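Enquirer: I'll drop the sequence and a predicted model, then ask my questions.
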Amino acid sequence: MKTTLELDDTLLRQAAIVAAKRGTTLNAIMEHALRRELAPASEDDNPNPEKFEIGPLGFFVLKRNPGESITAEEVRTLQRDLDANDLHRAVHLRLA
C-alpha cells in the first residue's frame, strides 16, 4: 500500500543514509522500524538474555551491574548486529 508521510527533513536524511550504508531501501528501513516499534517484546524474542531484559515499557534494555558503564560504541555495535538480524529475518520471511 502506498501512503504519504510528513517527516522531519533531518530524520529522512538520516534514514536514507542508514539505508545506503546497509545496502537496502528507505522503504525497507521504514517498514523495519514500524514493525519493530509495533511488536511487543517478549523473552522468546530476546536475542541475548545475558545482555538484555524487557524494560517496564516492553522494550529491550541493556542489563548492567551497578556502577558499570556502557560505551556509545558498544551500543552502536549491538544496534548494528540487532538491525542486521532483524532485517535478515524480515527479508527471509518475505521471500518464504
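Expert: Cool, the structure landed. Numbering: from 1, shown residues only.
Enquirer: what ranges do the strands span in this protein?
Expert: Assigned by DSSP state E, the chain shows strands spanning 52-54, 60-62.
Enquirer: can you list those in TSV and add mean pLDDT, mean neighbour count and distance to residue 12?
Expert: Bear in mind the C-beta positions are built from the backbone N, C-alpha and C, glycine included. Listed next are the strands of the chain as TSV, based on pLDDT from 0 to 100; neighbours: other CB atoms under 10 Å; distance: least, CB to CB, whole Å:
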stretch	mean pLDDT	mean neighbour count	distance to residue 12
strand 52-54	80	16	29
strand 60-62	78	16	26
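Enquirer: I'd like to know which of those strands is closest to residue 3.
Expert: Within the strands of the chain, the stretch nearest residue 3 is strand 60-62; the backing value is 28.2 Å (CB to CB).
Enquirer: what sits up against that closest one?
Expert: Here strand 60-62 makes contact (CB atoms under 8 Å, 6 or more residues apart in numbering) with 41, 46, 47, 51, 52, 53, 54, 55, 70, 75, 78.
Enquirer: and it, which strands flank it?
Expert: In the sheet, strand 60-62 lines up against strand 52-54 (antiparallel) (DSSP bridges).
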